[in-house]
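[1] fold the following, please.
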Amino acid sequence: MHAALEATLGVGSGQVVPRDRMVAGWERYLRAIAQEEPVVLAIEDIHWADAALLSFLSYQARWAEGPILILCLARHELIEQHPHWGTGLPAAETVTLEPLSTDTC
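    So this is what the prediction gives:
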């Protein structure tokens with residue numbers, strides 16, 4: 001678990017961690033925190049995420065154990081590139097915000 005977190009954060013020994021170990025490490029980490037207290041996982045600019053990260057987040061939204069809120073912030077490009085991402089998940093909500101007008105800036 002520690003090697004996966006270190007590799008994600010770019011700290012530690014710099015060893016390469018296989019993707020399946022990264023996923024398993026993050027799953028255990030989130031589960032361990034959620035057993036102690038509620039977790040809010042906020043991810044900005046998710047429109048730049050690769051398919052593997054989107055898949056991981058979808059999996060966590062459906063199967064994570066414990067009180068975990070996953071908040072993903074994205075531009076409209078996310079839905080243009082992945083039109084069905086996030087749909088069909090239990091307790092999922094999409095909030096679309098229109099750009100601010102020049103009068104409100």
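
[2] gap between the nearest residue to Gln35 once chain neighbours are set aside and Pro90?
    Nearest residue to Gln35, sequence neighbours excluded (Cβ to Cβ, 6 or more residues apart in numbering): Gly66, at 5.8 Å. C-betas here are computed from N, CA, C, even on glycine. Distance from Gly66 to Pro90, counting by Cβ to Cβ, to the nearest Å: 15 Å.

[3] looking at these two, which one has more neighbours?
    Between Gly66 and Pro90, counted using other Cβ atoms under 10 Å, the more crowded position is Gly66 (14 against 6).

[4] any idea which element that one lies in?
    Secondary structure assignment for Gly66, by DSSP states H and E: no helix or strand.

[5] right, and it touches Leu41 too?
    No. Contact between Gly66 and Leu41 fails when scored by Cβ atoms under 8 Å: they sit 11.5 Å apart.

[6] common neighbours of the two, please.
    Shared contacts of Gly66 and Leu41, defined by Cβ atoms under 8 Å, 6 or more residues apart in numbering, comprise Leu30.

[7] and the lengthiest helix in the chain, what does it pack onto?
    Longest helix of the chain, by residue count under DSSP state H: helix 19-36. Secondary-structure packing of helix 19-36 (3 or more Cβ pairs under 8 Å, 6 or more residues apart in numbering; DSSP states H and E): helix 2-9, strand 39-43, helix 51-63.
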